[in-house]
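S.K.: using only what follows, build the 3D model:
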Amino acid sequence: MNLREDAVNAVRDAINSMLPEVAVMNSLSGFHADGKIILAAIGKAAWRMSHAAHQALGGAISRGIVITKDKHSMGPIGNYEIYESGHPVPDNRVISATKRVIEAVSGLSANDCVLFLVSGGGSALFESPADGVSLGDISDITGQLLASGADITEMNIIRKRLSSVKGGKFASLCAPAKVTSIILSDVIGDRLEAIASGPAYHDTSGKDDALELVRKYSINVKPEIMKLLNRPGIGELSNVTSVLAGNCAGLCCSAEDFLKKKGYSVVTLTTKLSCEARAAGENFANIAKEIAATSHPISPPCAVIMGGETVVRIKGNGKGGRNQEMALAAAIGIEGMKDTVFVSAGSDGTDGPTDAAGGVVDGDTAEKLRILGIDPKSALDNNDSYNALSAAGDLIITGPTGTNVNDISILLMNS
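M.R.: Next up is the predicted model:
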């Protein structure tokens, strides 16, 4: 067995199984609209989802508008408007592109349909600030939440109250037209109200939830913004049909199947991993030590899989992402262990503000870094996992994958 090769290939195979084309094609089986069809796609997977919809429905789509992350477009799709913008903090390009979508869905009839394709990253890539809120306000609060370690669900509770399209408000703008929302979930537990801040799903959070999060993370908010955070959200929507097309559970299941065929015993411990990335990496290392000492909870050759999405608490000024930070923490914990490999990667191919999807490490990684003059613990404390793993040759570079269904982490052992 080549553990490192198997680990990387398991991740790649799992990501390929979650690419949007098949998911969207399956979701559109039997789709029909009596009137016009307006396509609106948001998120990191927006281009590939739109391309699949165009292949399935072709000229039936009257107009298409695609908003995705920088460098995630793969070229023209028919006569669709394709916009790229910044992520995870929205910029002025998002505002302009979102305005085009709002214009496209205005004045539709009850016979018309908005085909709304949603994927991870949609919160930052679909935005129209509420009255009294500026893009600067949203960017500032988003930046504070990211730095505080707030998870995606917590961030979206606040962001939807600062927006005129989030929290079901976009579906309200589409009415009386029907909205068919096809979703690739990047949210743990697949809570539809949290994916892209739920533009076509009613707001299930209470009016006090946002205020509690401001207090919990000590977020600095202007008094006029505090008033907006205290208002109730949109109630039940009668014009929306939601279809969950792909998620983290499917990602992990595909990795499981791949590794079983390679001869590993496999256990998936969770598809809802949610904690600090560093702690997750340390826990994987502890599991490796337990397996080595007791063959519990599984005997080698074995694979331990977890899916979900961790957070990074920023304390240093280095460069990295949550999967790279997890990998570096695991590398420190498994130092000296033979036949042990750990990999963690984002299914979208971009981990934090880097060009890497994640990292793959083994029992030699930490010592390799010391030989190169890099102290792995200092690099971890400085949130500089990217430069450390790059020096060790332990980054995973996939490029943008066109999908986004959380992250996958795998521990492989052969003795």
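
S.K.: where does pLDDT dip in the stretch 151-300 of the chain?
M.R.: Within the stretch 151-300 of the chain, no stretch falls below the threshold (pLDDT under 70).

S.K.: where do the helices of it begin and end?
M.R.: 152-159, 169-174, 209-216, 223-229, 248-261, 277-294 (DSSP state H, counting those that start in this stretch).

S.K.: save those as TSV, and put in distance to residue 384 too.
M.R.: (C-beta placed from N, C-alpha, C; glycine too.) As requested, these are exported to TSV (distance: least, C-beta to C-beta, whole Å):
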stretch	distance to residue 384
helix 152-159	24
helix 169-174	39
helix 209-216	27
helix 223-229	33
helix 248-261	27
helix 277-294	13
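
S.K.: so which of those is nearest residue 101?
M.R.: Relative to residue 101, the nearest member of the helices of the stretch 151-300 of the chain by C-beta to C-beta is helix 169-174, separated by 8.0 Å.

S.K.: mind listing what's buried along the host helix or strand of residue 24?
M.R.: In this assignment (DSSP states H and E), residue 24 forms part of helix 20-27. Of the residues in helix 20-27, 20, 21, 23, 24, 27 count as buried by neighbour count, 16 or more other C-beta atoms under 10 Å.

S.K.: which of the residues you listed sits closest to residue 141?
M.R.: residue 20 (30.0 Å).

S.K.: tell me who's in contact with the closest one.
M.R.: Shown in contact with residue 20 (C-beta atoms under 8 Å, 6 or more residues apart in numbering): 45, 48, 49, 52, 119, 184, 245, 246, 402, 403.

S.K.: which of these sit farthest apart?
M.R.: Across those, the longest distance by C-beta to C-beta is 13.3 Å; it joins 245 and 402.

S.K.: isn't residue 84 up against residue 66?
M.R.: No: contact criterion C-beta atoms under 8 Å: residue 84 and residue 66 do not qualify, at 9.1 Å.

S.K.: quick one: which of these two has more around it?
M.R.: residue 66 (29 against 19; other C-beta atoms under 10 Å).

S.K.: confidence score at residue 66?
M.R.: You'll see residue 66 listed with a pLDDT of 98.

S.K.: which strands or helices does whichever helix or strand it is part of pack on?
M.R.: Using DSSP H and E, residue 66 maps to strand 61-69. Secondary-structure packing of strand 61-69 (3 or more C-beta pairs under 8 Å, 6 or more residues apart in numbering; DSSP states H and E): strand 37-42, helix 46-57, strand 81-85, helix 92-105, helix 122-125.

S.K.: tell me which other helices or strands the helix or strand following the fourth one touches.
M.R.: Per DSSP H and E, the first helix or strand lying C-terminal to helix 92-105 is strand 113-118. Contacts of strand 113-118 with other secondary structure elements, assessed using 3+ C-beta pairs under 8 Å, 6+ apart, are made with strand 37-42, helix 46-57, strand 178-184.

S.K.: TSV please, covering those and showing mean neighbour count and distance to residue 199.
M.R.: Putting these into TSV (neighbours: other C-beta atoms under 10 Å; distance: least, C-beta to C-beta, whole Å) gives the following:
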stretch	mean neighbour count	distance to residue 199
strand 37-42	27	8
helix 46-57	24	13
strand 178-184	26	8
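
S.K.: of the ones you listed, which is nearest residue 109?
M.R.: strand 178-184 (10.1 Å).

S.K.: quick check: angle from the closest one to strand 37-42?
M.R.: 30 degrees (axes from the mean of the first three to the mean of the last three C-alpha atoms, to 10 degrees).

S.K.: pull up the pairing partners for strand 178-184, direction included.
M.R.: Taking DSSP bridges as the criterion, strand 178-184 forms sheet pairs with strand 113-118 (parallel), strand 240-246 (parallel).

S.K.: which one of those strands is the most hemmed in?
M.R.: For the strands paired with strand 178-184, the largest average neighbour count (mean count of other C-beta atoms under 10 Å) is found in strand 113-118, namely a mean of 28.

S.K.: so what touches that strand?
M.R.: So strand 113-118 is contacted by 24, 31, 33, 35-43, 46, 49-50, 53, 57, 61, 105, 108, 170, 174, 177-184, 195-196, 199-200 (C-beta under 8 Å, 6+ apart).

S.K.: got it, and stretch 314-323?
M.R.: Looking at what lies outside stretch 314-323 - C-beta under 8 Å, 6+ apart - the contacts are 146-147, 277, 309-312, 328, 344-346, 350-354, 356-359, 379, 381-387, 407, 409.

S.K.: quick one: closest of the helices and strands packed on strand 113-118 to residue 133.
M.R.: The nearest among the helices and strands packed on strand 113-118, by C-beta to C-beta, is strand 37-42 at 19.1 Å.
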